[in-house]
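Engineer: With the input below, show me the fold.
(one chain, ligands or ions: 2)
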Amino acid sequence: MPALIEADDLHKSFSHTRAVDGVSLTVNAGEAYGVVGPDGAGKTTALRLLVGAYTPEKGSVCIAGVDMRRDPEKARAAVGYLAQRFSLYTDLTVFENLRFFGQVRGVSPKGLPDRAAELLKFVGLHGFEDRLAGNLSGGMRQKLGLACALVHRPKVLLLDEPTGGVDPLTRQDFWQLIIRLLTDEGVAVVVSTPYMDEAARCNRLGFMYSGKLLIQGSPRELTAGLVGRVLELSAQPKEQARAVSLADPEVEDALAFGDRLHLRVTRPDGPLARLPQALGSAGVTVSRLRPIPPNLEDVFISLLEHAGEATA
Ligand SMILES: Nc1ncnc2c1ncn2[C@@H]1O[C@H](COP(=O)(O)OP(=O)(O)OP(=O)(O)O)[C@@H](O)[C@H]1O
Ligand SMILES: [Mg+2]
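Structural biologist: Ligands and ions are numbered 1, 2, ... in the order given. Prediction:
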């Protein structure tokens, strides 16, 4: 079976900005691919290329084996897209919004009430059919947006920062829905997100920076390169602990995670031996210093620094 999404060497510029600069990715049925990257990295532009809203200057997109350039209508019919700043019709009800998107997406009018009921149940908006979309909470709006994106039963679902500005509990709900789509329906999902906990849920990830996917792989593959190179330091006062740590020749970086620091080191042994004394003589109280498994944020910050050095 071909991959549901096959993007090869996509390029898209806006005047002097190379928004997407040679992006290739493949997503199979039942797989969630996360696109992670800072503001302006090109995530939205990449998703718009995948949905066929933009034509790439170079490169190709195939959806379920259909070339977007050759047969855009057929390729687009297999894609559901939830835009980063999507608009619902605030003066229409929940049901009317779904009906409208269903009509636009070519769902038969006869089948629409059943499909709408099924989707509203799926996203947990059953019973809210008659509420004006303008009166929904942020989380409910996103769920209605998801229902609208799914109205025509797409095989491919593209979600552009779908949980931006949504409370943690609703984010959790939203991910349960995505997981059901992956496992029960075998949908292929591409989701862009600024949240590392969401990135960690994806089967595979690409880290985007300046229009390029700098690295791709499963969360485990991506963190593998930093195994043994992150130390956790709990110490007070934290700012001073950071400064003393950074003065060690084998400490590359010190990132704050809540009340702890993650020290990225070239090798752990030297800093583990030297830091307790260096911190102590600077008046820093150390409650813990130990090697820990790297997380995705450690990986991405390290990548960003290297990318910054390369373009500086
Ligand atoms: N329609 C446009 N016209 C001109 N420049 C654009 C347009 N869309 C995007 N860009 C530029 O292309 C680059 C990539 O933008 P894009 O919106 O794809 O990034 P993003 O990763 O989605 O950012 P964010 O996290 O802020 O949503 C940015 O430099 C942006 O200013
Ligand atoms: Mg964006």
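
Engineer: how much space between residue 7 and residue 75?
Structural biologist: According to CB to CB, to the nearest Å, residue 7 stands 12 Å off from residue 75. Heads up, the C-betas are built off the backbone N, CA and C, glycines and all.

Engineer: what do the two both touch?
Structural biologist: With contacts taken as CB atoms under 8 Å, 6 or more residues apart in numbering, the residues that reach both residue 7 and residue 75 are 61, 62.

Engineer: Show me the domain layout of the protein.
Structural biologist: The record's domain parsing of the chain by automatic domain parsing lists 5-223, 228-292.

Engineer: residue contacts, residue 117?
Structural biologist: residue 126 are the contacts of residue 117 under CB under 8 Å, 6+ apart.

Engineer: and if you look at residue 50?
Structural biologist: 5, 7, 61, 63, 79, 156, 158, 190 are the contacts of residue 50 under CB under 8 Å, 6+ apart.

Engineer: Give the helix, strand or coil label for it.
Structural biologist: Recorded secondary structure, residue 50: helix (DSSP: H, G, I helix; E, B strand; the rest coil).

Engineer: and if you look at the one 3 residues further on?
Structural biologist: Put simply, residue 53 is coil when judged by three-state DSSP.

Engineer: Tell me the pLDDT of it.
Structural biologist: Looking at residue 53, its pLDDT reads 95.

Engineer: Now it: closest residue in space, sequence neighbours ignored.
Structural biologist: Closest residue to residue 53 apart from its sequence neighbours, by CB to CB, 6 or more residues apart in numbering: residue 81 at 7.9 Å.

Engineer: Tell me if the one you found really is in a strand.
Structural biologist: Yes. Counting by three-state DSSP, residue 81 is located in a strand.

Engineer: partner residues bridging it?
Structural biologist: When assigned by DSSP bridges, residue 81 has beta-bridge partners residue 158.

Engineer: That one against residue 149, yeah?
Structural biologist: Yes. Contact between residue 81 and residue 149 holds when scored by CB atoms under 8 Å: they sit 5.9 Å apart.

Engineer: residues from the protein in reach of ligand 1?
Structural biologist: For the chain, the contact set with ligand 1 under CB under 6 Å from any ligand atom comprises 14, 17, 19, 37, 39, 40, 41, 42, 43, 44, 45, 84.

Engineer: can you tell me which of those are in strands?
Structural biologist: If you go by DSSP state E, those have 14, 17, 19 in strands.

Engineer: buried sites along stretch 234-249?
Structural biologist: For stretch 234-249, the neighbour count (16 or more other CB atoms under 10 Å) marks 234, 235, 238, 241, 242, 244, 245, 248 as buried.

Engineer: I should have written stretch 113-131 there, sorry.
Structural biologist: Going by neighbour count (16+ other CB under 10 Å), the buried part of stretch 113-131 is 115, 116, 119, 120, 122, 123, 124, 125, 128.

Engineer: wait, doesn't the fourth one sit right on residue 128?
Structural biologist: Yes. Under the criterion of CB under 8 Å, residue 120 is in contact with residue 128, at a separation of 7.2 Å.

Engineer: What distance do you get for residue 182 to ligand 1?
Structural biologist: 23 Å (CB to the nearest ligand atom, to the nearest Å).

Engineer: what's the burial count for the nearest residue to that residue once chain neighbours are set aside?
Structural biologist: Distances taken as CB to CB, 6+ apart put residue 30 closest to residue 182, at 5.1 Å, once the chain neighbours are dropped. Using other CB atoms under 10 Å, the number of residues around residue 30 comes to 16.

Engineer: count of neighbours near residue 22?
Structural biologist: 14.

Engineer: That one: helix or strand, and which one exactly?
Structural biologist: strand 17-27 (DSSP states H and E).

Engineer: any chance you could map the strands in the protein?
Structural biologist: All strands of the chain, identified by DSSP E, fall at 5-14, 17-27, 32-36, 58-63, 66-67, 79-82, 156-160, 188-193, 204-209, 212-217, 230-236, 251-257, 260-265, 285-291.

Engineer: Tell me which of these sits nearest to residue 134.
Structural biologist: strand 79-82 (18.4 Å; CB to CB).

Engineer: other SSEs contacting that closest one?
Structural biologist: Using 3 or more CB pairs under 8 Å, 6 or more residues apart in numbering; DSSP states H and E as the contact test, the elements touching strand 79-82 are helix 43-51, helix 138-149, strand 156-160.

Engineer: Okay then, goodbye and thanks.
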